[in-house]
Structures are given as structure tokens and as C-alpha cells.
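> Structure, please.
(chains A, B, C and D)
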Number of protein chains: 4
Amino acid sequence: MTINFALLGAGRIGKVHARAVTSNPDARLVAVADAFEAAATSIAKQYGCDIRTIDEIEATKDIDAVVICTPTNTHADLIERFARAGKAIFCEKPIDLSLARVKDCLKVVDETGARLMVGFNRRFDPHFAAVKQAIDAGHVGDVEMVQIVSRDPGAPPADYIRSSGGIFRDMTIHDFDMARFVLGEEPVTVAAAASVLTDPEIAGLGDFDSVSVILTTGSGKHATISNSRRATYGYDQRLEVHGSKGSVAIENQRPVSIEVANGDGYTRPPLHDFFMTRYTEAYAAEIAAFIAVILDGKAPSPDGRDGLLALALADAALRSVEQGRTVRVDEILN
Amino acid sequence: MTINFALLGAGRIGKVHARAVTSNPDARLVAVADAFEAAATSIAKQYGCDIRTIDEIEATKDIDAVVICTPTNTHADLIERFARAGKAIFCEKPIDLSLARVKDCLKVVDETGARLMVGFNRRFDPHFAAVKQAIDAGHVGDVEMVQIVSRDPGAPPADYIRSSGGIFRDMTIHDFDMARFVLGEEPVTVAAAASVLTDPEIAGLGDFDSVSVILTTGSGKHATISNSRRATYGYDQRLEVHGSKGSVAIENQRPVSIEVANGDGYTRPPLHDFFMTRYTEAYAAEIAAFIAVILDGKAPSPDGRDGLLALALADAALRSVEQGRTVRVDEILN
Amino acid sequence: MTINFALLGAGRIGKVHARAVTSNPDARLVAVADAFEAAATSIAKQYGCDIRTIDEIEATKDIDAVVICTPTNTHADLIERFARAGKAIFCEKPIDLSLARVKDCLKVVDETGARLMVGFNRRFDPHFAAVKQAIDAGHVGDVEMVQIVSRDPGAPPADYIRSSGGIFRDMTIHDFDMARFVLGEEPVTVAAAASVLTDPEIAGLGDFDSVSVILTTGSGKHATISNSRRATYGYDQRLEVHGSKGSVAIENQRPVSIEVANGDGYTRPPLHDFFMTRYTEAYAAEIAAFIAVILDGKAPSPDGRDGLLALALADAALRSVEQGRTVRVDEILN
Amino acid sequence: MTINFALLGAGRIGKVHARAVTSNPDARLVAVADAFEAAATSIAKQYGCDIRTIDEIEATKDIDAVVICTPTNTHADLIERFARAGKAIFCEKPIDLSLARVKDCLKVVDETGARLMVGFNRRFDPHFAAVKQAIDAGHVGDVEMVQIVSRDPGAPPADYIRSSGGIFRDMTIHDFDMARFVLGEEPVTVAAAASVLTDPEIAGLGDFDSVSVILTTGSGKHATISNSRRATYGYDQRLEVHGSKGSVAIENQRPVSIEVANGDGYTRPPLHDFFMTRYTEAYAAEIAAFIAVILDGKAPSPDGRDGLLALALADAALRSVEQGRTVRVDEILN
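Numbers count the residues shown, from 1 in each chain, chains lettered A, B, ... in the order given. Okay, here's the model as predicted:
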């Protein structure tokens, strides 16, 4: 059976998902919708699919699944509409920047029984996934301490930052999800620090560019997260997990693995400089997992609740910075 | 302009090239030919191309280029036919196992002015290619000594070995080409040793599984090659180039880059276990280079002469083993 | 000129310093004192020095410098006595577990003008020292974020923990000093989390075995510290420093650098399993630096104030855990 | 029991051995002899030993063992004299540059029953030694192929080259010994190539600076050796051993293990730049092994025969270069 897809939103990340869908043997891209006609046309031409409105996609029977890549403030509405329309839904993170709105949206998903998967792509990267497999295989024993480093080559444009919900909800949220993915237990407290070190304009926008976070779980496991909007040497994405028996860590990825040696020493090239080249395989595997959910009837993972809990950690981190104290996650959630 | 391709031979390597052609935006796979119908059908179905005979492909005007992936003993004949038919030709290595036959074939290529590219895929691997770029950029100064290690996870089946021309012409030939690629000067002598260490059956077939080679150029540069049909830890493919200013080396590639640490130490997973996963990017880049040759009118590289010279080094290495002496390449070529 | 040393305390770390002193061409070990006679005798025999009481060492003119390796609760008294006696003083960290006592002691040091160096050995490790040199040479630009990982192979015995002042004052204190060493600016706030994950007995002793800390400086730089009393793969000691131009990190050290590859992957041996083998070179360099202070009249570094400030960070971290809030260092210091 | 040593020759390598002897708890340096008085005085002063003539050392009863570090052309004579005098003998390699002279000398050693150990220091380096232990522990299965790279930062002075016996007998000889150490079987043939690439003056001296060698054993195992007198990035010393089950390799050593990352990539410092800092631990372990031979009555290893066989491989390699053929070792030995 082939799953018929519609793509909602044909921007940068929409294009990534279009390629993932069209190169998957179990999927067919039937339609694309985008308010910006040129973007929709570009996808339609490249992959030979229809251009339709969102209303048309909602109404038609020949669409099994939608991939939501529209602006964040439309996500929750679209999820509700397509949940009611009985489509399987893949939605880019976040569901919404407001925790209350996310909760309402997930109520609709629950009531309709819709299958909703949320786009935390790193879980599907072969290297991060192998860390999880090593944990599940017992190679590190009981997980005790987790360390996550994510450093971006540079900050996004001011316009993006303005509507992003801030670094915790936009960037750290991936690390909150990763921490939850590998900790095996929910974080219950959050302590965070945040600064502007790379560009004063970011302070003017009310955001931060450098953050450090400590999460602790009920049994006392720790996860630390270190984020920066500056990494001159490329896109720095690391994870290490320490347990009772040992540890497992991922190595950073570079497009070219050579080493030049001379009187100055031994030099390897910089890392990938962009999330889209770094996570090419992850995006393909993510859509494959979504298709498997539809075909095999498995529970989606990560699902709406994963989206909700990562956002709650972001909100808790922000409150920790604002109030100079360790914040309990249930203060945020309840 | 889109280049129309026909694929001759739909076996294992044919499938690799079919994928490379069909995923290239400048190419279209129009037809496939294979004596074994099921193989041709499988390609035709997957990529929506015609099944045609070789005669039909030769005769038709809608084919610009052929990719020759048929058995080795048909390569030279097919190159001659399609050179005369005015098609651009990509041929898997080797052109032929007989140096004399290769020379005759290349005469036809020359006379017809055909564009012939030979499939030494490693030149197009991003890591090997980056080594060459580092040399060309002057990072190592004048090249002095080159070391190449190629170790296969296991020997091919006896049937394959029987018709392969032996390890020097089948496996080491890639390293001979790589040595020529980076030395910047033609090897003039060859000294080699060869043994059977992994499987006595290989000796029964008159072949070797473990070889060491020293090439020297006119100005005294050296390249050493070490080959084995056994590598329990995966597909081991290394190159280092030492020059007057420094050195450059490639690192081995593994599908998953994690490291597990415990009381036994720090362990990273094995390397790729197969040339097709190891060289995925190389095969795509190779076909892209061939297409660039057709579109831009550049000289093909590696070309027929590169195929000839690598084969001459293989023949010289074999003679060195048989006669226990350093063999001059011009003894073989003239 | 040769500096005459007396060693106060001939236990484990005393032996390390005895070797450092006796192998330094500018130093001579004249006397050793230890309440436990067998320990003193062992040193005296091995290095041909006298056994004397502390009173005798204080009184004699032929001693230029003392190395204090006695139990922690005697450090401050001994520093005061030998400061008044006009000897140069090297004291193992900490000066005292009580910040008030340390302040009093440092007053005496100031008044007497004594040269006091405190034993934060890691600053003298060639790898950590090279990180500092890289920062000072401008290779990373302005320091922004620091990450420190220290994981011990196992917890010390219960008796040791009882009198150690707890993990922050005993173990993390090295990392507090390292953070100060590389940040280039004093930390002003501390947020910490602490758990018992490896051995419930440690909870019974009122201590922790797993801690995470965030330090922030006045201009917003961050340092994170992750500590555990468990590291099955050896003595894990890492530092990375990120700045406006790039980053610098140290690699872990292992006694043997080989790699075994087979079907299970590529395995390197565990790290050093003990601080004394890991920091052999650091201890020698530390004593050499102390001797240089005496000979060249340079200011000691790290000095008593470095000892005080690292302890203040430990106290602040403990308060942060107890009160669930970010603690200002000046709450502790003033 | 303490072994009393005399040091014959107080030059550069003599100083290394003086330090190794004096820092060993089972040894005492009693006397030093050197034709150049200042050299002997320097050692005598630093370590508090006598200056004696070689005749005096030979005649006295209070010397148990001699360390021969005099010029090469005196080695064989001194070995014979001290063998007859009943002293245990540690001699720097080579015993002599003439195979015939070495054979004669070893006859005397045999007849007198003297204990003679030859200074192939690399066998005692912890990393090379760990490779051997991994082989002996069965981690790689049956050894099949060995690869050795030794590259010196620069060529020795012309005067040294003139009397060194040439690169094969001076530099490659260490690699010949290492190949024998790990192959577990004697090489029976040698094929070699040699060039001058780094400095034409070396050609004027009748020597080479760049050599490649293939050794094969009776059962067909291979060892390749690559040597150069140029390595801009430091003292490059590598070994990898491939067997039926897997492989083991050593990593190069650097004095400082940091990594700086920026827009140009990730850079680690150069390697050690000198054999004396690279092999500090090896020299100490070598003398410790020699002392163990004396104390425990074990057979010395490497012994005179090891010295002989490494030299025979050097002679065979030179003949291979001169005659352009694979040379059998028994041509040389018999």
C-alpha cells in the first residue's frame, strides 16, 4: 500500500520533507499547499504533484497524511482540522509556543484518535539513534548523567528570533527532547542560566544566545545542556550518556574526513555548517518512521505529549532564569 | 539539457549506476539491457524505463550515453561499438584483462573521438577527492611517499575469482589508480609480494589474497600498497600522502559514529562492511562527473589511458611476484 | 642556589611531593615529619633525609620551604606557624574546610608577607596548561562558555568522605579552580544540583556522588561542571573552552595508546585509573613552579586567595542545592 | 641485591642510560668512562659516580654490568672484553656494521656464556609493548600482515650519516627488529626501494633518505616498512598488525593533547619532535628489563642474535636496492 501525502508549507523545511516523502518507496506526494505560490509551484514542478488549497486537501479522500511545515502559529489549528478530517499528521515542532494552546490541541487529537507525530528529527539521526539503542541494549547500565552540547554556527535573523519564542523554545527544545529520549525518566526540576554573549542585537530582542541548563529527574539523574548561537568550527551536536556500567557518546559529523599534518600540527576540516546537511539521513528516517506508524498501526513517537513536555521544560528553564531559582516542571504543567 | 542514458548490464553495480543516473537532475534513464530478463525488468519497473536489446540501444538516436556494467569480457567490444555509434561511454573497470586488447580498444576510441570514462569510483569519494584537493592546493608540498591500505571484509566467491584476472587486476587495480592519481608522476618500477593467508581455496584458483607492492616513479617517489581479502572490522580503505611540507590522510568511514566506554575500554563500531555503502556518494559523484564531461565538453577523467596504465601496473606486479624482481613498467607497456 | 625542603606529612600525597622535590635539580629534601613514624622512616630511607618534628623544622635555619601534606584540619595552623617562621609554604588544598578559618589564616599570611602556594595540581598538567596557553595566545578569542567534566573511577572510603567536607569541597573544588583559571573573570552566581546515584552509603554520610553546576560571571560567561564518583572506563578529566573565535579542549589520557579492531569494532584501552598516574607530570611541574616562586621572587599562583575563592564556590554550590536557588558568591564571601 | 653499573660512553645516549640506571631502585651507577673527559665529568658530577678508564672497569670486581654507548666501531671489541671479564653487557645497537664481525663477536659471547642484551629500545615502549601483548593474548589471531611507518623529523648531520652504515643499518634497523618482534616468524625474503627526496647532500654521501621495504616470511606473512628522514609534523612512529581475527595498531604520541577548533577546522599539536622525549619511558623500561635479566637469570631479549638478524635484513634490503630483485635472507646470512 502506498501512502498519499499532502505537504502544507513549501518553505525550507517543507522542501526537506518533500524530498523525504518522494524518495520513500511507500509514499507518494499528491499535493502541496503554500500561501506563497512560487514556493508551491517549485515543489509541484520538481515532484510532479498538484497544487491545492488547504481546504481542498482537507476535503479530499485521496490524501492519507499531511506534513505540516507552515508557520508555527498555524500548527495547532491545522492539527485540529486534519485530526477531525481523519488524516495522519506529521507536524514540525513546536505544536505551539503556548503550553495552554498545545494542551487544547492535544485534547482534540485524543478525542479524534488521530495519529500525530511531532518532528524532533534528531531522534532519527543514525548516531543519536545508536546511542539510544546502546542504552536500550544495556551497554551503559542504568542511566545516571547526560550531557548535551548544541552549538549553532550562527544566530538566525532577527525576524526569525522575534517569532521563535526564544532560544529555549526554539533551539534548546531539541535538547530537552533528547534529554527525555535518553534519560528514561521524566525531568522534575530545571535550573538554567542564560546570557547574551555573541550579539547585543539579540538582547534587544529580549532573547539569549548562550544558555546552560541542569535537569534532574525524580530519582536524581541529571542532564546538563549547553547551547550557544556561535560555533566557528561548524554545527556542533554532541551527546554523552553515563550509566552504572559505562558511557556512550556520539562524535560530531564532518562532510569530509581527512587530516592534514605539518609543522602546525594535525588538522581536520570543520564540521557540517548547517542542520540540513548534518541531518539529511535523519529527515529521511523520520518520514520513514511516520509511514511505518500509518502502515503498521504503531503508536507515533515522538507524539504530541512529547511535544508538550519539551515545551514545558523550555518554559521552566525560562522561569528559572527569570526568577533565579530551580523550577519544578509540575509548576509549569499544572 | 537532459542526457538520455542506457544502462548495459543490470547486475549489482548496474543497479548502483541506475540509482545514480536517475537521481541526477541532468540525466534520464531511458533504457536498460540485460541478458538476464528478470534483472532488466527489475530496473525498468523501479525507474520507469524501457527494456531494449543492445542492438536497439546502439541503433536509436534518443540515447546520448551508455553505462557499461556487463561482464568484463564484453567491455572492450561494447566500448568499440558505442564509440562508433557516437555515444558517450562510461565503462566499469577494467576495460579488459588483456593489455593488448585494451590498447586495440583505445585505438578505436581515439579514432572515433568518443568520450570514454572509466569507473575508478574512489577518485570521486569526497574523502579521497579531498586528499587530492589538499595536494593540488599545495598543503603537503611536493609529494614524496604515498601509502595505501585496502582490505576487504572477505574474499569474493570462487567463481568470481576465476574470471577476475586475479587480485592485482581486480582489487589492487583501484590502488594502482589511486597511487597514480596522487603521485603526480608515473610509476616506472614495481616490486611486489603475494601470498595466500586467508583461504587455501584461493591458492587452488591460482590467485592470492594478501599482497604488498612498492611503486617508484622516475624521480624516486614511492607508493606502497597493502591489500588483504580479510578485514574482520569492516571495509578498510586508507590513503596517506607525505610531501615536502606535510602529509594528508583520509580516515576510515563507519555508518555509525558512537563510542561506548566501560571497563574494557573505549569502543567504536566497525567500519562499513561493503563497498556499496562505503562509496554511495562516490558513485553519485562519478556519474555527475561523467554528465559534466558530456555537457561541458571537458576531457573525461579517469579515461581509457588511466584504465590502461592501472592494468599495466597490475601486470607488472604479477610479473614481479613470478620472477622475484623489480619490474620496469615499460617492459609491460611496450 | 638549592632550596632546602621539609615535608610535613608522609602519606600518599606526601610521597608524591617527596619524589617531585628530590628529582628537581634546584631542590633538596632535608627533613620529613610525620606523626606516624613508619611513614616518615620510609621517606627518610628512600631519599636520605632526616626525620624531624614539626617544632624542629620550624626552629631550624637550614629549611627554606615546607610542603604541607598533613590532614586538612591542621593546614591552617601550620600555614600560620610557618608563615611566621619565614618559610616559603606549599600547602595541599584545601587550606581549611571553613571559609572563616581560611580568611583568618590568609590574614596571617598577608601580615607576614609569606609566600604561600596552594596545591591545585591540575593547573600544571601539560594538557590543562596548554589550554590556558591557547586562551592566553588568543586562539579562542574572548572566552564565553566553559565545560568541565571530572569523573572519578570510584568513591573514596567512607572514612575519607566523613572528613572531606563533602564532594563540592573535596572533588568539585578542583573544577571550581579550573573554571576560574580559564574563565578570565570571577564567577558571581552558582546554581547546582546534587544526587546520590552510585552508592546509598554516601547518602548516609550526608554527601552526594553526582553533581552538576552552572557558574556565571559578571559579564554572563558560563561554566558548567559535571562530576561523578563513578567512571568505569577510568579517570575522566576533561575541559573545553569556547570563545568568540573558536574552542580548545583537552583529550583524556590513557597509559597505553593502542587500538584493537575486530568484528566488535575498534577498541582503545581504558584511561588512567588513578589521579597519581594521571597527574605525574603535573605534580613535578607544580613543585618546579613553587621553586621558581622562591628563586625568582614571583608571586605564587595559585595562592591563598585562589584557595579561598574555590572554597567559596563550593559553599555556594552546596547552598544552591540546599535552597533550590541560584546563589550569589558574595552572599558567601561577605 | 643492587646491581653495580659502569657506563661506557657518556654522550647523548649515554646520558639517557645514566638516568635510567640511577633512577632504578635495583641499580647503582658506580663508574663512567669516556675518552672525552668533560662528558665523563658531567655524568660523574650529576650522579656522584667515579670516573674510570675502561681498563679499570674491566679489572674491578665491584662492577656487575656495563652499558656500552661508545662509537659503533668499538662495540664488538668491548662486548668481547667484557664478556671475558664476566660482566653482564647492555650494548646499544648495532653490534657492528659488518655482519662477519658481529658473528665473530657473538661466538665469544656464546663461549663465555655472557649475558648480552642489545638496545632495541622500541620493544620496551609501553605502546609497542602493548601491541606485542595484544598479539600474544590472541586478540588478532594469527598474524598475517604488518605495517610499520617510521619518519624522522629530519636527517642527522652529514658526519653522522658518513659513519652510520646508511639508512637501512641506522634507521630501518629498528623497524626490521620491530617486524621480527611482532611477525612471530623469521622474514626470508626482502624487496626494497630507496631514494633521495629530501636533501641531495645525502645522495652525495652514498645514502638514501626515503625507503620502502617488503619482508616476507616462510609461510607468506608480509611486513612493509616505510621510512623517511622528513616529517614536518614530528616524530612519526607507527605500527599496525593484522591477523586472522583482527588488528592492533599504536597511535602516535604527542607531548600535549589538546585540540583547537575554529573556522579552519580542528587542530591538534605536532608529535614529539625527538626520539629521546618520545621514548623516555622505553629507555627506563629497557634498563629495568636488563636488570631483571641479571637478577632473575632470564635469557636476555633482545639478544645478540636479534642484533645479528636485524642487521642481516638491512644488508638484504641494500642488496635488493642495488640489484633490483627480491633477496633471500639466507644469501646474506650464510
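> So is stretch A:132-141 next to chain B?
Yes: applying Cβ under 8 Å from any Cβ of the partner chain, one finds that stretch A:132-141 is in contact with chain B at A:Ala134, A:His139, A:Val140. (Each C-beta comes from the backbone N, C-alpha and C, glycine too.)
> residues in chain A within reach of chain C, list them.
A:144-145, A:147, A:149, A:151, A:189, A:191-193, A:195-198, A:210-214, A:216, A:219-222, A:224, A:226, A:228, A:230-233, A:242, A:244-247, A:324-326.
> Okay, and which of those map to strands?
If you go by DSSP state E, these have A:144-145, A:147, A:149, A:151, A:189, A:191-193, A:195, A:210-214, A:216, A:222, A:224, A:226, A:228, A:242, A:247 in strands.
> From A:Gly220, how far off is the closest residue to chain C within the stretch 1-150 of chain A?
Residue of the stretch 1-150 of chain A nearest chain C, by Cβ to the nearest Cβ: A:Glu144 (4.6 Å). Distance, A:Glu144 to A:Gly220, using Cβ to Cβ, to the nearest Å: 8 Å.
> repeat for A:Gly263
49 Å.
> and these two? which has more neighbours close in?
A:Gly220 (19 against 13; other Cβ atoms under 10 Å in any protein chain shown).
> what residues are up against the more buried one?
Residues in contact with A:Gly220 (Cβ atoms under 8 Å, 6 or more residues apart in numbering or on different chains) are C:Ser195, C:Val196, C:Leu197, C:Ser210.
> Please apply the same query to A:Ala282.
A:Asn121, A:Arg122, A:Arg123, A:Phe124, A:Asp125, A:Pro126, A:Phe128.
> Grab the nearest non-local neighbour of the residue in the stretch 51-200 of chain A that chain C sits nearest to.
Going by Cβ to the nearest Cβ, chain C is nearest to A:Ser195 of the stretch 51-200 of chain A, at 3.1 Å. Nearest residue to A:Ser195, sequence neighbours excluded (Cβ to Cβ, 6 or more residues apart in numbering or on different chains): C:Gly220, at 3.1 Å.
> ok, now A:Arg115?
A:Ala88 (4.6 Å).
> Can you get me a residue count around the one you found?
When neighbours are counted by other Cβ under 10 Å, A:Ala88 comes out with 22.
> A:Ser163 now?
Neighbour count of A:Ser163, defined by other Cβ under 10 Å: 11.
> Looks like it contacts A:Thr72 (just checking).
Yes: the criterion here is Cβ atoms under 8 Å, and A:Ser163 meets it with A:Thr72 at 7.1 Å.
> what about the residue lying closest to A:Gln46 once chain neighbours are set aside, how many neighbours?
Computed as Cβ to Cβ, 6+ apart, the closest residue to A:Gln46 that is not its neighbour in sequence is A:Ala18, at 7.6 Å. A:Ala18 has 24 neighbours, counted by other Cβ under 10 Å.
> ditto for A:Asp77
For A:Asp77, using other Cβ under 10 Å, the count is 15.
> just A:Arg12 next, same as before
Using other Cβ under 10 Å: A:Arg12 sits among 10 other residues.
> which residues touch it?
A:Met276.
> and if you look at A:Leu318?
A:Gly166, A:Phe168, A:Arg169, A:Ala192.
> so which strand or helix has it?
Assigning secondary structure by DSSP states H and E places A:Leu318 in helix A:304-323.
> So which bits of that helix are buried?
A:304, A:306-321 (16 or more other Cβ atoms under 10 Å in any protein chain shown).
> Excluding residues flanking it in the chain, which one is nearest A:Ala249?
A:Glu240 (3.7 Å).
> helices or strands next to the helix or strand hosting that neighbour in the packing?
Remark: A:Glu240 resides in strand A:236-243, with elements defined by DSSP H and E. Packing partners of strand A:236-243 (3 or more Cβ pairs under 8 Å, 6 or more residues apart in numbering or on different chains; DSSP states H and E): helix A:126-136, strand A:143-151, helix A:173-183, strand A:247-250.
> Since that was my last question, I'll sign off now.
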